[in-house]
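need a structure here:
(one chain, ligands or ions: 1)
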Amino acid sequence: MDLQQIVDDTWNALADERGSGTPAGYIPALAQVDPTKFGIAIATRDGSVFCAGDADEQFSIQSVSKVFALAMALDREGAALWEAVGREPSGNPFNSIVQLEREKGKPRNPFINSGAIVTTDRFIGDRGPDEAVADLLSRLHNMARDTRITIDEDVARSESETGARNRSLAYFMADFGRLLNPVEDVLSVYFRQCGIAMSCRQLAEASLFLAFDGTDPVTGLTMCSTERARRINALMLLCGHYDNSGEFAFDVGFPGKSGVGGGILASVPGRATLAVWSPGLNRAGTSLLGARALAQIADRTGWSVFSGT
Ligand code: GLN
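The predicted model follows:
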């Protein structure tokens, strides 16, 4: 299978539609990104990366960071993390508060904002917030073999300044005794992790552990156990796109995680990781063109977690 051809064909087939969808405007710094950006990268077991378009340009990974935060929180906390956050799809927007009151401040899953705030709290553990952020970044550097991955402080600050909704979620959960660290410490890490800037290439390379049972086949670095990698994939499939997760599973057929920066990270267990970026979003906050690109790649490659071959 010629993956470079497939990536190029997919990019060319959708290029005229660059700019479709609506970029996130509620984080002012994100509204300034060129909406016509479009990148695709596929990373495979042998270390090859097949790229098209703006695949080497860094963008704000936003909620894609929730996958890394989950893997690292599980690493620190083990299965006890599941006492703090659930594993059910929410069927609600990513920043919804409605289920929290009924469920006594326990978020439905780690991929909605409330769940990620709890996950981040556990990832901080008994360290200070700055130490936790440094740990997160250094692991990403190791996994992507690239120290150019940074935090876009302007995006993090912009999000903090306009972060009333995330503050509401965090203080509401704190009222139920769900957070171990001071709310503002947790949010300072949460906003910085959302502001991590990575390219499609870096994202695909850093997440190979997801597609290969917890261990990066290129570096040999183990991020998590086989069982845990499979479970993270299960959560991505069921919860990775908020109230759009069903559509994504239906159209694409493998686990993915979107972010309001327009990035989507996807994993095809046993085969590859994929990252796409196009800032225009659909109504649920998933990249419109990015999801279409992944659906086309799934179609061309035949990759699906539901495949019998
Ligand atoms: N930083 C964003 C927020 O908290 C992340 C949301 C997203 O990417 N879906 O609103």
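
from here on, contacts and neighbour counts on C-alpha atoms
OK.

Show me what the mean pLDDT comes to for the helix ranked longest in the chain.
In the chain, taking DSSP state H as the definition, the longest helix is helix 129-144. Averaging pLDDT along helix 129-144 yields 96.

For the closest residue to the ligand within the stretch 51-200 of the chain, which residues are in contact?
Closest residue of the stretch 51-200 of the chain to the ligand, Cα to the nearest ligand atom: Ser63 (3.6 Å). For Ser63, the contact set (Cα atoms under 8 Å, 6 or more residues apart in numbering) comprises 111, 194, 257-260.

re the thing from before, which residues belonging to the longest helix of the chain are considered buried?
The neighbour-count check on helix 129-144 (16 or more other Cα atoms under 10 Å) flags 129, 132-133, 136-141, 143-144 as buried.

part of a helix, is Ala266?
No. Read with DSSP: H, G, I helix; E, B strand; the rest coil, Ala266 is strand and lies in no helix.

Looks like Gly25 contacts Val33 (just checking).
No. In this structure, Gly25 is not within contact of Val33 by Cα atoms under 8 Å, at 10.1 Å.

Compare those two and say which one has the larger neighbour count.
Taking other Cα atoms under 10 Å, Gly25 and Val33 do not tie; Val33 has more neighbours (15 against 11).

quick one: that one from Asp54, how far?
Per Cα to Cα, to the nearest Å, Val33 is found 13 Å from Asp54.

and the residue nearest to Gly262 when sequence neighbours are not counted, what is it in contact with?
Spatial nearest neighbour of Gly262, excluding adjacent residues (Cα to Cα, 6 or more residues apart in numbering): Pro279 at 4.0 Å. Contact analysis of Pro279 by Cα under 8 Å, 6+ apart lists 19, 21-24, 33-38, 260-263, 287.

hmm, try it at 10 Å
18-24, 30-31, 33-38, 59-60, 259-263, 285-290 (Cα atoms under 10 Å, 6 or more residues apart in numbering).

One more: Asp185?
So Asp185 contacts 120-121, 124, 128-130 (Cα under 10 Å, 6+ apart).

and if you look at Ser287?
Contact partners of Ser287, counting by Cα under 10 Å, 6+ apart, are 20-24, 241, 258-264, 276-281, 293.

what pairs with it across the strands?
Beta-bridge pairing for Ser287 (DSSP bridges): Leu281.

just to revisit the earlier point, the longest helix of the chain - contacts with which helices or strands?
Secondary-structure packing of helix 129-144 (3 or more Cα pairs under 10 Å, 6 or more residues apart in numbering; DSSP states H and E): helix 65-77, helix 113-124, strand 150-151, helix 183-194, strand 196-198, helix 200-206, helix 208-211.

Give me the pLDDT value at Gly91.
Predicted confidence (pLDDT) for Gly91: 88.

With Gly125 instead?
On pLDDT, Gly125 comes in at 93.

okay but it is in contact with Leu180, surely?
Yes. Between Gly125 and Leu180 there is a contact at 7.7 Å, judged by Cα atoms under 10 Å.
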